[in-house]
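1. Give me a model of this one.
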Amino acid sequence: MTQSSGPEVPGYDVLDLLGQGGFGTVYRARQLAVGREVALKIDNRVLASDRDKRRFMREVTAAGALSGHPHVAHVYDAGVLNDGRPYMVMELCPGGSLTDRLRRDGTIGVAETRDIGMKIADALAAAHQAGVLHRDLKPANILVNRYGNVVLSDFGLATMPNPGGEASVTREALTPAYAPPEAFDLTEPTEVGDVYSLAATLYALMLGRPPRFPADGVPNIAMIMALHRLPVPDLSGVPADVTALLRQAMDVDPARRPAGAAALRDALAALPLSASAPAHAPRAATPPQGPEALRGAPPSPRVSAGTGPGGLPPYGGADAKAHSRTAAPHGPGAAAQRWPTAPVASARRPASPSRAYPVAAAFFAAILLTGAGVMVYELVSETTQTVPASPAGG
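-> Numbers count the residues shown, from 1 in each chain. Presented below is the predicted three-dimensional model:
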């Protein structure tokens, strides 16, 4: 790549363009000091003030501290270009993102989805312990590194709010299909917001698209809020315990979700998946998504917070053999932690939805008439645009 077509970043030779998204551009580059190929992500934001630059560097420092986790993408370097745009240097992940895999190979099986969920939940637990909230968890931000391991990316460009401080991520930076509903009220972000996003991601891996939302975009904020209140449909061929846990983690009420990423990790580990679990999630009988699902939708079943599906044996068995390298918990006291070796506490399984939900369509129509139709079409860029084979942008 010529100097005229590529950015000039001291210490790096930019080789070629990997991809471009709504919030950043990713290049393949060579780190000259050590001779390794890396992914160079340059954000489209301009950090105009010294305060913004300091805040970005604090976020990157936190991300660098997490990069020792086996399921967090390694961060090697970061800085700010002369034009004010921040950049981050990360490990190059030739396996691309899980969005790339879904497009290439189709849906992912139940057992592997559970395994991915455990590993990413453990990475989130380590991040939360360090005071970092990801806030942009989706299939495009889970990468596959050169060793075949899934790793969570984009911590450095996510939000790291201080207690009582400002949350720098706005509606325009969110992906509606994966962001929790409370994020669109611009409330103080919490750990259970990441829990919601991970559950929506796992659901999408088995279905091939996110729950509730259509694949072709959402036109306004009113519809986004209405879609968030739709029930999470069952998935044909997926065990009810799996769907029940994901439904709990995607509850519109944050207090009803698992208490944190570690709780979700442990509940996933305890799911009783047998050797007969389908190797590939079914692609047939896709439940209605988007505006059409608002017509006659039943109420969303709820599961009590802090519990998972009942009578659950520990993670292991035949499904564990293919994924034997699981992430060890990190942080203080990590040496004493292990995957669960006994069943977790029982919880009532939600009954299958059976009653009509006539107010859903009326609710949707009413909010459209409130004048809240703010155009945010670009919020759904995740469903139409990804950065292949590299840390995904935005």
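
2. ranges for the helices of this protein?
-> 50-66, 98-105, 110-129, 191-207, 221-228, 240-249, 261-269, 318-321, 359-368 (DSSP state H).

3. out of those, which comes closest to residue 140?
-> helix 98-105 (4.3 Å; C-beta to C-beta). In this view, the C-beta of every residue, glycine as well, is placed from N, C-alpha and C.

4. Show me which parts of that closest one are buried, residue by residue.
-> For helix 98-105, a neighbour-count test (16 or more other C-beta atoms under 10 Å) marks 98-102 as buried.

5. In terms of distance to residue 43, which of those residues ranks first?
-> Using C-beta to C-beta, residue 99 comes nearest to residue 43 of the buried residues of helix 98-105, at 19.4 Å.

6. My read is that the closest one contacts residue 143, right?
-> No - contact criterion C-beta atoms under 8 Å: residue 99 and residue 143 do not qualify, at 9.9 Å.

7. From residue 64, how far off is the spatially closest residue to residue 176 that is not a sequence neighbour?
-> Leaving aside its chain neighbours, residue 176 sits nearest to residue 224 (4.7 Å; criterion: C-beta to C-beta, 6 or more residues apart in numbering). Residue 224 sits 34 Å away from residue 64 when distances are taken as C-beta to C-beta, to the nearest Å.

8. quick one: which of the two has more around it?
-> residue 224 (24 against 18; other C-beta atoms under 10 Å).

9. what's the pLDDT at the more buried one?
-> With respect to pLDDT, residue 224 scores 89.

10. I'd guessed it sits against residue 184; true?
-> Yes - the pair residue 224 / residue 184 is scored as a contact, 6.2 Å apart, by C-beta under 8 Å.

11. what sits in contact with each of those two?
-> Listed as contacting both residue 224 and residue 184 by C-beta atoms under 8 Å, 6 or more residues apart in numbering are residue 176.

12. Can you report how many residues neighbour the closest residue to residue 57 other than its chain neighbours?
-> What sits nearest to residue 57 in space, not counting adjacent residues and going by C-beta to C-beta, 6+ apart, is residue 78, at 7.0 Å. When neighbours are counted by other C-beta under 10 Å, residue 78 registers 20.

13. quick one: residue 23 from residue 228, how far?
-> Separation of residue 23 from residue 228 (C-beta to C-beta): 22 Å.

14. what residue ranges in this structure score low on pLDDT?
-> Low-confidence segments of the chain (pLDDT under 70): 1-5, 156-172, 215-217, 219, 274-394.

15. hang on, the earlier thing: could you point out which of the helices of the chain sits nearest residue 91?
-> Using C-beta to C-beta as the measure, helix 50-66 is the one of those that comes nearest residue 91, at 12.1 Å.

16. hang on, the earlier thing: looking at the helices of the chain, which is nearest to residue 150?
-> helix 110-129 (5.4 Å).

17. now the angle from that closest one to helix 50-66?
-> Angle of helix 110-129 versus helix 50-66, following axes from the mean of the first three to the mean of the last three C-alpha atoms, to 10 degrees, is 130 degrees.

18. Who are the packing partners of helix 110-129?
-> Helix 110-129 sits against helix 50-66, strand 150-152, helix 191-207, helix 261-269, helix 318-321, with contacts defined as 3 or more C-beta pairs under 8 Å, 6 or more residues apart in numbering; DSSP states H and E.

19. Which one of these lies nearest to residue 125?
-> When these are compared by C-beta to C-beta, helix 261-269 sits nearest residue 125, at 4.2 Å.

20. Using TSV, please lay out the buried residues of helix 98-105 together with distance to residue 208.
-> What follows is the buried residues of helix 98-105, written out as TSV (distance: C-beta to C-beta, whole Å):
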residue	distance to residue 208
98	11
99	11
100	13
101	11
102	6
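
21. Looking at these, which is nearest residue 84?
-> For the buried residues of helix 98-105, the nearest to residue 84 is residue 99 (29.1 Å; C-beta to C-beta).

22. domain parsing for this structure?
-> 12-91, 98-328+336-383 (automatic domain parsing).

23. pretty sure residue 63 contacts residue 75?
-> Yes - under the criterion of C-beta under 8 Å, residue 63 makes contact with residue 75 at 5.0 Å.

24. Give me the more crowded residue out of these two.
-> The neighbour comparison of residue 63 against residue 75 (other C-beta under 10 Å) goes to residue 63, with 27 against 23.
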